[in-house]
Every structure is written in C-alpha cells, then in structure tokens.
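Chemist: Sequence and computational prediction follow.
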Amino acid sequence: MKVKDYIMARFAAKKTMHMTLIDPAKQQYHKAAEIASAAEKLGTDAIMIGGSTDVTQENLDATAQAIKKAVKIPVIYFPSGAHAISPFTDAIYFMSMLNSRNVRMVIGEQVMGAPIVAKIGLEAISMGYVIVEPGMKVGEVGQAELVKRNDPKMAVAYGLAAQFMGMELIYYEAGSGAPEPVPIEMVTAVKSKLRIPVIVGGGIRSADQATALRKAGADVIVTGTLVEGSGFAESLEEVIRAVKG
Ligand code: 1GP
C-alpha cells in the first residue's frame with residue numbers, strides 16, 4: 001500500500017494520526033531504530049525522519065535503513081533540502097515552505113531534488129509547509145515570513161492556496177521545541193475551510209495539548225522533541241492515547 005493511501009484511509013475514517021519525528025543528526029542510527037520501535041509499540045502511526053540543520057546523506061541513509069528494519073509502519077522522509085535524499089525511506093514529503101521569503105525554499109530545492117526522487121522511484125507526497133510563530137530554528141533557516149499566532153485568517157489563506165494548487169497535505173509548524181503548539185483557534189479555523197488533511201507540529205509535549213488539537217480537528221499530530229533523551233515512554237504513551245481519543 002502506498003503511504004499516501006495509508007494516510008488518506010485514516011483521514012477518511014476520521015482517525016487522528018500520530019507521527020513520531022526523529023532527527024538523524026541527534027543520535028546514532030541504532031538508537032534511532034530503538035526509539036522508532038518503542039514508538040511503534042506505543043501506537044504511533046508513522047515515523048518521520050528529518051531535521052533543520054545537520055542532516056547528511058550518511059546519517060539519513062544509516063538512520064532510514066536501521067528504522068526500516070525495526071518497524072512495519074511507514075517511514076517518511078521530512079526533508080530540509082535536496083542535499084540528502086534516501087532510497088531507504090518509504091516516501092518523501094515533497095514539500096514547499098509556502099511562507100519563505102527565499103524562493104529556494106519554495107521551489108528551488110524541489111527542482112534540484114525532483115530528478116533524484118524520480119530516479120530512485122521514491123513515493124512523493126505533496127505537502128504545503130507553513131511556519132507559524134515562533135517558528136524556532138526552521139523559521140530562521142527557512143527565512144519564513146511567520147504567520148502570526150493571532151492571525152488564523154492568514155493560516156487559512158495559505159491552506160487554501162496549497163489546496164487550490166493541488167497539494168495533498170498541509171503542515172502547520174510552530175517549530176521544533178516551540179514553547180507552545182500552533183494555536184487551537186488557528187487549527188479550528190483551517191479545519192473549517194480546508195478539505196485536505198491538516199498536520200500540526202512543534203511544541204506538543206502533553207496529553208492535554210494533544211487532546212485540544214485533536215478536538216480542534218487536527219488530522220495528524222507530530223511530536224519530535226518528546227522522544228529525545230531517555231525515559232520518554234510514559235509521556236509518549238499519554239500523548240498518543242490523547243491523539244487517538
Ligand atoms: C518539528 O513539528 C515538529 O518539525 C516536531 O516538533 O520537536 O517540538 O515535537 P517538536
């Protein structure tokens with residue numbers, strides 16, 4: 001089954017998904033595989049591999065291969081550019097940072113990466129990527145014109161633009177390690193206007209936050225920082241339970 005169909009089947013069934021983001025630069029590949037396996041056992045629906053700054057072809061390939069051996073759920077690459085693309089993941093989010101001031105992030109990296117994706121036959125899932133305040137590292141390196149937290153209309157406008165351009169998914173990102181997730185009112189607003197799945201990530205650490213985002217209609221809830229460091233099992237389990245309702 002294609003990864004896109006896997007996501008769309010859950011979306012059609014109105015089942016909120018949880019995805020676990022692992023940065024290949026933050027630990028050795030065998031540790032990444034252990035984290036992925038633990039997350040799978042706790043019910044996460046897919047593993048995303050990605051990071052804003054230090055992803056290399058080497059750490060990406062090693063991490064993707066190790067994770068693929070350790071789990072049955074889809075492994076999706078969440079790229080920061082065309083410099084590293086791996087044949088060892090199941091799919092790539094073929095994404096555009098819609099609110100970047102730098103055309104390279106909007107379409108330049110994609111033009112460099114597309115022939116590689118085609119050559120290795122990787123499943124490409126198109127996704128609009130919108131950075132919301134505070135944006136953290138990804139907002140900085142992506143030179144994002146951040147969507148203000150009190151501007152849900154702007155978030156809706158980006159989402160509609162993505163949808164009208166034929167993008168299959170839209171991701172609202174507060175930035176990894178953000179003090180607060182994307183505002184609930186923003187998720188409610190985009191869900192009332194969009195028909196494509198809405199992904200939210202950045203700063204989600206508690207079951208209460210996950211519950212509020214699920215109730216607002218988020219279709220996919222991503223956590224990354226939560227699995228960094230030891231002893232994450234309990235908090236991850238609580239968050240995943242909250243995502244599943
Ligand atoms: C980053 O949205 C993800 O792209 C995850 O953020 O690390 O804060 O969970 P956290």
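Modeler: On my side now, so go ahead.
Chemist: Please list all residues in contact with R10.
Modeler: Applying Cβ atoms under 8 Å, 6 or more residues apart in numbering, we find R10 in contact with 17, 45, 219. In short, each C-beta sits where N, CA and C put it, glycine included.
Chemist: Now the buried members of the residues you listed.
Modeler: 17, 45, 219 (16 or more other Cβ atoms under 10 Å).
Chemist: any chance of those in a markdown table, plus distance to I199?
Modeler: Formatted as a markdown table, these follow (distance: Cβ to Cβ, whole Å):
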| residue | distance to I199 |
| --- | --- |
| M17 | 9 |
| D45 | 12 |
| D219 | 7 |
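Chemist: Just those residues: which are in helices?
Modeler: Counted as lying in helices by DSSP state H, out of these, is not a single one.
Chemist: ok, which of the contacts of R10 also contact the ligand?
Modeler: Contacts with the ligand are made by none of those, judged by Cβ under 6 Å from any ligand atom.
Chemist: Narrow these to those in strands?
Modeler: Among the contacts of R10, the members falling in strands are M17 (criterion: DSSP state E).
Chemist: can you put the contacts of R10 in CSV and add pLDDT?
Modeler: Compiled in CSV, these are given as follows (pLDDT from 0 to 100):
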residue, pLDDT
M17, 98
D45, 98
D219, 98
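Chemist: hang on, the earlier thing: so, if you compare the buried ones among the contacts of R10, which one comes nearest to S206?
Modeler: M17 (18.1 Å; Cβ to Cβ).
Chemist: For the closest one, give me its contacts.
Modeler: 7, 10, 45-46, 219-221, 243.
Chemist: For the helix or strand containing M186, report the contacting residues that lie outside it.
Modeler: Using DSSP states H and E, M186 sits within helix 184-193. Residues outside helix 184-193 that contact it (Cβ under 8 Å, 6+ apart): 132, 147, 149, 152-153, 155-156, 159-160, 170, 172, 198, 200, 212-213, 216-218.
Chemist: quick one: which of these sit in helices?
Modeler: 152-153, 155-156, 159-160, 212-213, 216.
Chemist: filter those residues to the buried ones?
Modeler: 152, 155-156, 159-160, 212-213, 216.
Chemist: what's the farthest-apart pair in the residues you listed?
Modeler: Once Cβ to Cβ is applied, these give L160 and A212 as the farthest pair, at 23.5 Å.
Chemist: which residue packs closest to the residue of the chain found nearest the ligand, ignoring adjacent ones?
Modeler: The ligand sits closest to G201 of the chain, with a gap of 2.4 Å, by Cβ to the nearest ligand atom. Nearest residue to G201, sequence neighbours excluded (Cβ to Cβ, 6 or more residues apart in numbering): V222, at 3.4 Å.
Chemist: How many neighbouring residues does K148 have?
Modeler: 13 (other Cβ atoms under 10 Å).
Chemist: Identify the single longest strand in the protein, thanks.
Modeler: Longest strand in the chain, counting by DSSP E: strand 123-131.
Chemist: right, and V138 touches A174 too?
Modeler: No: the pair V138 and A174 fails to qualify as a contact (Cβ atoms under 8 Å) at a distance of 9.5 Å.
Chemist: More neighbours: which of those two?
Modeler: A174 (28 against 24).
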